[in-house]
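Trainee: Return atomic coordinates for the entry below.
(2 chains)
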Amino acid sequence: ILNVEQSPQSLHVQEGDSTNFTCSFPSSNFYALHWYRWETAKSPEALFVMTLNGDEKKKGRISATLNTKEGYSYLYIKGSQPEDSATYLCASSGNTGKLIFGQGTTLQVKP
Amino acid sequence: EPEVTQTPSHQVTQMGQEVILRCVPISNHLYFYWYRQILGQKVEFLVSFYNNEISEKSEIFDDQFSVERPDGSNFTLKIRSTKLEDSAMYFCASRRGQGEEKLFFGSGTQLSVL
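Mentor: Okay, here's the model as predicted:
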């Protein structure tokens, strides 16, 4: 059984601060790691899907890294803006698409 | 941009009643999923569906649950006799497959069982 853990559970930062979150997952039988951004009352939005050890992906001010050997991924947000406020979910998946989620990190960016 | 749509957004029902949650996945997607999140807990997998049959299901997905793709566009989750502990946000998701790993989620149906 896969167990995905995220930290911190919540985070409050000021506008302009850079921040990062951690996702840890079992490294055995790894297939893919997903990051989602989830705003209240909206659909979880896929940010990144990563499969290769050492992979780094970037989307605007958000980037993510992946270490499959030690079983962790970092999500970075550079220069946080109030619109970045959301819950960030990571999930590990096998090749069937079944996702095992972490508990999420809720980010609040204060203007 | 194509999106997964779910109806209703909120559903209130009495314990023991049947509910049907509806989803319209993205049209060219081949894999379909239901997930749920009980308040304060992790999002958890319920079932996956491919080629008109269940491909995988979790321990949660017992005989009270069923899924159907009745007409090639809708994808439904039925709970035959709801329990209080079925109260959760239910998410539908779809995936194109063919090397595409990204799942696209709907905005969820909040089910409240009284």
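
Trainee: which stretches of the chain form strands?
Mentor: With no chain named, the answer covers chain A. Ranges of strands in chain A, per DSSP state E, are A:5-7, A:10-14, A:19-24, A:32-38, A:45-50, A:56-59, A:62-67, A:72-77, A:86-93, A:99-101, A:105-110.

Trainee: That was the other one, I meant chain B.
Mentor: Using DSSP E, the strands of chain B run over B:5-7, B:10-13, B:19-24, B:31-37, B:43-50, B:53-57, B:65-68, B:75-79, B:88-95, B:104-105, B:109-113.

Trainee: What residues are bridge-paired with the residue most central in space within chain B?
Mentor: Residue closest to the average C-alpha location in chain B (Cα atoms, centre = their mean): residue B:34, at 3.1 Å. Counting by DSSP bridges, residue B:34 forms beta bridges with residue B:47, residue B:92.

Trainee: residues in contact with it?
Mentor: By Cβ atoms under 8 Å, 6 or more residues apart in numbering or on different chains, the residues touching residue B:34 are B:21, B:23, B:46-47, B:67, B:77, B:90-93. Heads up, the C-betas are built off the backbone N, CA and C, glycines and all.

Trainee: near chain B, which residues of chain A?
Mentor: Residues of chain A lying near chain B by Cβ under 8 Å from any Cβ of the partner chain: A:32, A:34, A:36, A:41-46, A:49, A:51, A:89, A:91, A:93, A:96-104.

Trainee: ok, what's across the strand from residue 10?
Mentor: Picking chain A for this. Beta-bridge pairing of residue A:10 under DSSP bridges involves residue A:106.

Trainee: Sorry, I should have been clearer: chain B.
Mentor: Taking DSSP bridges, one finds residue B:110 as the beta-bridge partners of residue B:10.

Trainee: give me the number of residues near it?
Mentor: Neighbours of residue B:10 under the rule other Cβ atoms under 10 Å in any protein chain shown: 10.

Trainee: Next, work out how far apart the residue nearest to the centre of chain B and residue B:103 are.
Mentor: Taking Cβ to Cβ, to the nearest Å as the measure, residue B:34 falls 12 Å from residue B:103.

Trainee: same deal with residue B:9?
Mentor: Using Cβ to Cβ, we find residue B:9 at a distance of 20 Å from residue B:103.

Trainee: Show the contacting residues for residue 43.
Mentor: In the absence of a named chain, this looks at chain A. B:3-4, B:104-108.

Trainee: sorry, should have said chain B
Mentor: Shown in contact with residue B:43 (Cβ under 8 Å, 6+ apart): A:89, A:91, A:99, A:101, A:104, B:35-37, B:91.
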